[in-house]
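Colleague: Sequence first, then the predicted structure:
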Amino acid sequence: MNTTGNAKVAIVTGASRGIGAAIARRLANDGFTVAVNYASSSKEADALVAELNAAGARAIAVKADVSNAADVRRMFGTTEQHLGKVDVLINNAGMNKPTPLADTSDELYDRAFDINVRGTFNTLREAAGRMNDGGRIVNFSSTTLALNMPGYAIYNATKASVEAFTHVFAKELRGRNITVNAVAPGPVATSLFFDGKTEEQIQHFAKMPPLERLGQPEDIASVVAFLVSAQAGWVNGQVLRANGGLA
Ligand code: NAP
């Protein structure tokens, strides 16, 4: 691990559990200092930060609701103050509650777009003026966008917006040597995936990829680690599906 003062600084949104926590662990292990963002799960975020610091990394927990622009400004400010100017932004925070379009309440629609779309917009807008040149941004889409399954109209619409941001923002950052890519996981074993599903549904999803298993958070963290590495310097404006060959 890198414990020197010149380590690169990463913000991982929604890092209190699931894929975000695995990304925070992986980036800390790869030598980044990490701001572990969360909205409400302070116990989990604090426990992860304690684990990373005990392992010799440098990490802080930062509470911010990504759907709130003032929170996001504060998150960048706190990170700059404690860790330094940001080099890497991982826009992982997200929600999904599969619901047929006709049964979707105004509140559920707003929550999905507020967290998944406005949340990504808020951090990208802030990053434009505050990130170091040569940085890396990774947004989060989903393979569900390629599957068009019933119940996923709202979620897919939010992730289509994230993909649109990715393609355009990569071009708007011309001259800064900052790459902007998205990862689109298939089903991954986290509470976002398990919640509300029967064992039969879980097994059905697990059998869908030709590799015949659910993704693990670490599978996705590996892809993110590649995209933020020097080796991925020529990958820009792309959506990388990580799903065991599902679609
Ligand atoms: P998860 O286990 O439900 O974790 C979500 C994380 O986001 C939590 O740390 C949560 O923290 C945080 N969060 C939620 N709302 C937030 C907000 N407004 N501001 C800041 N943080 C917030 O989800 P996951 O499965 O790891 O998903 C991570 C990303 O991968 C999401 O973008 C999701 O759409 C995408 N994805 C997941 C799957 C899958 O099968 N799991 C598949 C494709 C794509 P708090 O509890 O503190 O709110």
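Modeller: That came through fine.

Colleague: Quick check on the nearest residue to residue 14 once chain neighbours are set aside: phi, psi?
Modeller: Nearest non-adjacent residue to residue 14, counting by CB to CB, 6 or more residues apart in numbering: residue 93, 3.0 Å away. For glycine as for every other residue, the C-beta is placed from the backbone atoms N, C-alpha and C. With angles defined as degrees, to the nearest 10, residue 93 sits at phi -50, psi 130.

Colleague: can you check the one 4 residues further on too?
Modeller: Main-chain dihedrals, residue 97, degrees, to the nearest 10: phi -130, psi 90.

Colleague: Kindly report the same for residue 239.
Modeller: The phi/psi pair for residue 239 (degrees, to the nearest 10) reads phi -110, psi 120.

Colleague: confidence score at the residue nearest to it when sequence neighbours are not counted?
Modeller: Distances taken as CB to CB, 6+ apart place residue 182 nearest to residue 239, at 4.6 Å, with adjacent residues excluded. Looking at residue 182, its pLDDT reads 99.

Colleague: doesn't residue 182 fall inside a strand?
Modeller: Yes. Assigned with DSSP: H, G, I helix; E, B strand; the rest coil, residue 182 falls within a strand.

Colleague: residues touching it, list them.
Modeller: With contacts taken as CB atoms under 8 Å, 6 or more residues apart in numbering, residue 182 has the following neighbours: 138-141, 162-163, 166, 238-240.

Colleague: Of these, which are in range of the ligand?
Modeller: The subset of those within reach of the ligand, by CB under 6 Å from any ligand atom, is residue 140.

Colleague: Alright, that wraps it up for me.
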